[in-house]
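In: sequence and predicted structure are below.
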Amino acid sequence: GAVVSQHPSWVICKSGTSVKIECRSLDFQATTMFWYRQFPKQSLMLMATSNEGSKATYEQGVEKDKFLINHASLTLSTLTVTSAHPEDSSFYICSARPDTSYNEQFFGPGTRLTVL
Amino acid sequence: GQQLNQSPQSMFIQEGEDVSMNCTSSSIFNTWLWYKQDPGEGPVLLIALYKAGELTSNGRLTAQFGITRKDSFLNISASIPSDVGIYFCAGRGGATNKLIFGTGTLLAVQP
């Protein structure tokens, strides 16, 4: 149980294009999901908190218009990187908090984004 | 963003040795979590701690929630090659209740 999937696992795109990453909780409902970014040899940095039925909450320094988050259902959140640039290349990891277990948080396998 | 101080930054040990790593924070946390991350994958939860002073084991792994609620340690006994990876502590607490990650400990185990 408590499986979180991400799609795609990796993506390469041209500068200026937009990329959508999906995060799904496969066997539990998650009103709240989180999006992290991890640069090489660094820790996970929280980008935003995604809430089903309401607007996402972004961390300081994260542009909400560039990183669009849509929490469409209790099992799906999407992150769209708009007008991607090479500096957006990173490992994006989502996490879901089960509605039945507030203290737990399960992570997806991550999506490697490379912007050329 | 905020990060926890985690040490050591890296460890290179022989198979069979015991390992210890810790995290400290200037803030009080209500929850401490320990994760392991393999290259190119997301973090996998190893141990969760919810009470100050709590000592919890998961196989060869043992973790403790510090009495001050500002620190936690993880021990791995009798290390094996598959223990290789990056270990992260994470704490949750305060007004935001967000999960804050440590800087990570890279563990390398030589057979």
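Out: Yep, it's here.
In: going forward, measure contacts and count neighbours with C-alpha atoms only.
Out: OK.
In: report the buried residues of stretch A:78-87.
Out: For stretch A:78-87, the neighbour count (16 or more other Cα atoms under 10 Å in any protein chain shown) marks A:78-82, A:84-85 as buried.
In: got the contact list for it?
Out: Contacts to stretch A:78-87, defined as Cα atoms under 8 Å, 6 or more residues apart in numbering or on different chains, come from residues A:14-23, A:35, A:65-72, A:114-116.
In: pull out the buried residues from these.
Out: Buried among the contacts of stretch A:78-87 (16+ other Cα under 10 Å): A:15, A:19, A:21-23, A:35, A:67, A:69-71, A:114-115.
In: taking the residues you listed one by one, which sit in strands?
Out: Using DSSP state E, the members of those that fall in strands are A:19, A:21-23, A:35, A:67, A:69-71, A:114-115.
In: nearest to chain B among those?
Out: Chain B has its nearest neighbour among those in A:Trp35, at 11.4 Å by Cα to the nearest Cα.
In: show me what contacts the closest residue to chain A within chain B?
Out: Per Cα to the nearest Cα, B:Gly42 is where chain B lies closest to chain A, at 4.1 Å. The neighbours of B:Gly42, taking Cα under 8 Å, 6+ apart as the test, are A:93, A:107-110.
In: what strand or helix carries it?
Out: Assigned by DSSP states H and E, B:Gly42 belongs to neither a helix nor a strand.
In: quick check: the closest residue to it other than its chain neighbours vs B:Leu99, distance?
Out: In this structure, B:Gly42 finds its nearest non-sequential neighbour in A:Pro109, 4.1 Å apart by Cα to Cα, 6 or more residues apart in numbering or on different chains. From A:Pro109 over to B:Leu99 the distance is 18 Å, taken as Cα to Cα, to the nearest Å.
In: centre of the chain to stretch B:24-43, how far?
Out: How far stretch B:24-43 lies from its chain's middle: 6 Å, per Cα atoms, centre = their mean, to the nearest Å.
In: what about it, how long is it end to end?
Out: Stretch B:24-43: ends 20 Å apart by Cα to Cα.
In: before we move on, what about stretch A:28-43?
Out: The first-to-last residue distance of stretch A:28-43 comes to 26 Å (Cα to Cα).
In: quick check: mean pLDDT of that stretch?
Out: The average pLDDT for stretch A:28-43 rounds to 93.
In: same thing with stretch B:51-71?
Out: The model assigns stretch B:51-71 a mean pLDDT of 96.
In: what does chain A have sitting close to chain B?
Out: For chain A, the residues in contact with chain B (Cα under 8 Å from any Cα of the partner chain) are A:42-46, A:59-60, A:93, A:103, A:106-110, A:112.
In: for chain B, what lies in contact range of chain A?
Out: B:1, B:31, B:40-45, B:88, B:100-104.
In: tell me the pLDDT of the residue of chain A at minimum distance from chain B.
Out: In chain A, no residue comes nearer to chain B than A:Pro109, which is 4.1 Å away by Cα to the nearest Cα. Per-residue confidence (pLDDT) for A:Pro109: 95.
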